[in-house]
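> quick one: sequence and predicted model below, then my questions.
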Amino acid sequence: METIEKIRVWHVVWDNGRTNRLGLRYNHDHETISLGILYGQHLPIFFLESVLDRAFPDWKAKSEKLHLARVNPWIIEKSTSRYGSTNYILRYLKNPFYYDAPIGAVLHVSCANKISGFSMWLGDLAPIMAKVREDFQQQEADIIEVVEINTYRDFYEPGTPSGLIEK
């Protein structure tokens, strides 16, 4: 199990007429960030920056520092479906001779302008978020609570006796 020095997890409770909860996870060793909906509605893209700011205040500085240390040229492509969903795609130029530019990260925004989650290298979030800002005016989310989760808790494995019968 990963220790708290290597991983930080937050639960963010926000309101848009009903209570919603999302999880945000930062892995220090791999410099990755993930966001997922725990319950309620998907997060409107307009609130993404304020949620990140409240839960992980230094994400912008860390993300930009990693981005500036990038070794490969990069580009953000925007792909919009005929139904209105949009993908923000970061590609990096791995092999300039063959123009090999694999996908490094993707942020999917639904046709309802919501995100269900993402997982990417933190250095990729800075340029993706800069492009998202061009298309979606960021707003302050009605955040009720931000809780950093204690990842030291030891859970029992399935099949472990409860202790009710055995002593």
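Thanks, I have the structure now.
> drop to CA atoms for contacts and neighbour counts, all remaining ones
OK.
> wait, Tyr99 touches Arg91, no?
No - using CA atoms under 8 Å, Tyr99 is not in contact with Arg91, being 11.1 Å away.
> which of those two has more residues huddled nearby?
Arg91 (20 against 10; other CA atoms under 10 Å).
> quick one: the strands in the protein?
7-15, 19-27, 32-39, 43-44, 74-80, 86-92, 103-109, 114-115, 117-121, 142-149 (DSSP state E).
> which residues are contacting the second one?
The contact list for strand 19-27, computed with CA atoms under 8 Å, 6 or more residues apart in numbering, reads 6-14, 32-41, 55.
> narrow those residues to those that are buried.
7-14, 32-38, 41, 55 (16 or more other CA atoms under 10 Å).
> give me the contact list for stretch 7-14.
19-29, 51, 55, 141-151.
> quick check: PyMOL command selecting the buried ones in these.
In PyMOL, a selection of the buried entries from these looks like this (16+ other CA under 10 Å):
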select buried, resi 20+21+22+23+24+25+26+27+51+55+141+143+146
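> could you check how far Asp29 is from Pro158?
To Pro158, Asp29 is 29 Å away according to CA to CA, to the nearest Å.
> gap between stretch 31-39 and the chain center?
Relative to the chain's own centre, stretch 31-39 is displaced by 5 Å; criterion: CA atoms, centre = their mean, to the nearest Å.
> give me the mean pLDDT for stretch 141-158.
On average, the pLDDT along stretch 141-158 is 87.
> longest helix in the protein, by residue count?
helix 122-135 (DSSP state H).
> what does it contact?
With CA under 8 Å, 6+ apart, helix 122-135 has contacts from 31-33, 60, 62-67, 70, 76, 88-90, 104-105, 107.
> go again using 6 Å as the cut-off
Identification of contacts with helix 122-135 by CA atoms under 6 Å, 6 or more residues apart in numbering yields Glu31, Thr32, Ile33, Ser63, Glu64, Leu66, His67.
> most surrounded residue in the residues you listed?
Ile33 (23 neighbours).
> for the closest residue to it other than its chain neighbours, give the beta-bridge partners.
Spatial nearest neighbour of Ile33, chain neighbours left out: Tyr26 (4.6 Å); criterion: CA to CA, 6 or more residues apart in numbering. Counting by DSSP bridges, Tyr26 forms beta bridges with Arg8, Ile33.
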